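Peer 1: Structural data only, the sequence is not supplied:
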Ligand code: NAD
Ligand code: GLY
């Protein structure tokens with residue numbers, strides 16, 4: 001088992017990574033809380049696969065679990081579902097000394113995380129991610145959110161978990177294309193600061209535990225320096241500004257990971273053509289993304305994507321901060337007028 005300790009300003013906690021940890025979850029949770037009631041928040045697919053094993057382990061360790069399962073997919077990440085969960089917790093009479101466990105992918109993690117930050121003004125939260133994306137990214141760092149009709153992740157909070165438990169064995173049941181979604185976030189880490197990850201991506205499953213731990217360490221280091229996303233943490237949004245636009249344009253038919261993959265390519269091509277990046281960086285990124293089985297192009301127009309981008313959180317007045325991939329394995333932040341950002345998108349979409 002590997003342990004990565006996150007020392008964020010608001011909380012210090014351990015991320016535990018190791019095969020077989022799901023069956024030991026009760027014992028690992030008891031290290032951060034005495035016996036209490038626990039609400040396991042999960043989606044219906046993950047529920048059938050892993051909820052019983054988790055709850056058995058929790059009971060053995062003296063916890064009293066209840067469960068809330070919602071339909072899988074991004075369309076469940078909304079305020080109505082959030083209210084349903086909050087009301088369930090109130091009906092079940094969970095108190096401030098009780099706990100929430102997010103069991104699932106990024107959708108369960110974001111939804112349960114926001115619930116934990118709101119219920120009774122904050123109860124203990126354990127993240128048990130079951131997708132590659134949630135293991136390497138969403139379960140760590142404390143961003144929680146739901147989507148509004150106007151845009152993605154527009155209602156949220158920063159709320160660090162009390163512990164994260166990653167068991168790579170659960171990835172065995174993950175469909176290949178959902179595994180690929182997580183590869184997009186892994187490739188993101190490679191491009192922002194660690195190009196060796198691109199070699200690792202030739203066979204990501206060969207050293208899964210190490211790859212997950214390495215990504216978490218990269219995220220940990222950035223989050224420790226900028227928990228509230230006012231500066232350096234925005235690097236973790238590489239590919240996300242245009243990616244979120246694409247997700248929204250597709251009515252969330254295109255998954256987060258696939259939209260981010262396309263968003264990274266659009267930024268790399270835009271930067272190469274605007275003279276702030278290189279063709280070599282673009283080609284390397286396209287090769288790694290294609291090898292991971294992810295898309296690199298979209299049929300949406302600049303107008304369609306940019307309309308959605310304008311409601312993104314990364315916008316501040318008439319300015320927006322873009323993450324520019326200036327060369328392979330490196331990105332920098334640039335605050336620019338929204339009109340310049342649109343030029344990046346237009347040039348990024350132009351494959352000539
Ligand atoms: P997801 O949670 O929708 O999971 C994808 C699918 O995989 C679902 O259908 C789920 O039922 C299924 N699944 C999950 N684990 C499984 C398993 N072990 N075996 C079989 N099926 C399994 O999607 P995701 O890609 O994990 O997460 C995407 C979400 O994460 C987006 O909403 C995105 O905005 C969010 N996100 C948040 C952060 C953050 O910092 N909070 C970072 C990145 C992404
Ligand atoms: N996934 C981006 C972040 O956590 O900041």
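Peer 2: Cool, the structure landed. Source: prediction; values computed, not measured. Ligands and ions are numbered 1, 2, ... in the order given.
Peer 1: okay, CA-based contacts and neighbour counts for the rest of this
Peer 2: OK.
Peer 1: Quick one: residues contacting the residue in the stretch 101-250 of the chain positioned nearest to ligand 2.
Peer 2: In the stretch 101-250 of the chain, the residue that lies nearest ligand 2 is residue 236 (4.8 Å; CA to the nearest ligand atom). Each residue near residue 236 by CA atoms under 8 Å, 6 or more residues apart in numbering is listed here: 188-189, 192, 219.
Peer 1: where along the stretch 101-250 of the chain do the helices fall?
Peer 2: Counting by DSSP state H, counting those that start in this stretch, the stretch 101-250 of the chain has these helices, from start to end: 106-118, 132-133, 176-193, 196-200, 208-225, 240-249.
Peer 1: thinking residue 191 is in contact with residue 324, fair?
Peer 2: No: counting by CA atoms under 8 Å, residue 191 does not reach residue 324; the two are 10.2 Å apart.
Peer 1: Quickly list what's touching both of the two.
Peer 2: Common neighbours of residue 191 and residue 324, counting by CA under 8 Å, 6+ apart, are residue 331.
Peer 1: how about residue 5, secondary structure?
Peer 2: Using DSSP: H, G, I helix; E, B strand; the rest coil as the criterion, the local structure at residue 5 reads strand.
Peer 1: How about the one 10 residues further on?
Peer 2: The three-state label for residue 15, taken from three-state DSSP, comes out as strand.
Peer 1: Number of residues surrounding the closest residue to it other than its chain neighbours?
Peer 2: Leaving out its chain neighbours, the residue that sits closest to residue 15 by CA to CA, 6 or more residues apart in numbering is residue 164, at 4.5 Å. Applying the criterion other CA atoms under 10 Å, we find 27 residues in the vicinity of residue 164.
Peer 1: nearest spatial neighbour of residue 267, skipping sequence neighbours?
Peer 2: Counting by CA to CA, 6+ apart, residue 267 lies nearest to residue 348, which is 6.1 Å off, once chain neighbours are set aside.
Peer 1: Just want the phi and psi numbers for the one you found.
Peer 2: Per-residue torsions, residue 348: phi -70, psi -30 (degrees, to the nearest 10).
Peer 1: Tell me the spacing between residue 21 and ligand 1.
Peer 2: Using CA to the nearest ligand atom, to the nearest Å, we find residue 21 at a distance of 13 Å from ligand 1.
Peer 1: Correction: the previous question concerned residue 350.
Peer 2: To ligand 1, residue 350 is 26 Å away according to CA to the nearest ligand atom.
Peer 1: Count the neighbours of that residue for me.
Peer 2: 12.
Peer 1: For it, give its distance to residue 344.
Peer 2: Going from residue 350 to residue 344 by CA to CA, to the nearest Å gives 10 Å.
Peer 1: For residue 297, which residues are in contact?
Peer 2: Shown in contact with residue 297 (CA under 8 Å, 6+ apart): 262, 265-266, 349.
Peer 1: which residues are in contact with the lowest-mean-pLDDT helix or strand in the chain?
Peer 2: Of all the helices and strands that make up the chain, strand 315-316 has the lowest average by mean pLDDT, DSSP states H and E, namely a mean of 72. If you take CA under 8 Å, 6+ apart as the criterion, strand 315-316 is touched by residue 321.
Peer 1: next one: the next helix-or-strand element following that strand to chain centre, how far?
Peer 2: Along the chain past strand 315-316, the next helix or strand (assigned with DSSP states H and E) turns out to be strand 319-327. Strand 319-327 has its average C-alpha position 20 Å from the chain's average C-alpha position, going by CA atoms, centre = their mean, to the nearest Å.
Peer 1: which residue packs closest to the most centrally placed residue in the chain, ignoring adjacent ones?
Peer 2: Closest to where the C-alpha atoms of the chain average out (CA atoms, centre = their mean) is residue 138, at 2.9 Å. Using CA to CA, 6+ apart and skipping the chain neighbours, the partner closest in space to residue 138 is residue 106 (5.6 Å).
Peer 1: Tell me how many other residues surround the one you found.
Peer 2: Residues within reach of residue 106, counting by other CA under 10 Å, total 27.
Peer 1: mind listing what it touches?
Peer 2: Counting by CA under 8 Å, 6+ apart, the residues that residue 106 touches are 129, 131, 133-134, 138-139.
Peer 1: that older thread, including secondary structure, could the contacts of residue 297 go into a markdown table?
Peer 2: Below are the contacts of residue 297 laid out as a markdown table (three-state DSSP):
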| residue | secondary structure |
| --- | --- |
| 262 | helix |
| 265 | helix |
| 266 | helix |
| 349 | helix |
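Peer 1: Tell me the one among those residues nearest to ligand 2.
Peer 2: Within the contacts of residue 297, the smallest distance to ligand 2 is 15.9 Å, found for residue 262 (CA to the nearest ligand atom).
Peer 1: what's the spacing between that closest one and residue 254?
Peer 2: Plainly put, residue 262 is 10 Å away from residue 254 if you go by CA to CA.
Peer 1: Thank you kindly, that will do.
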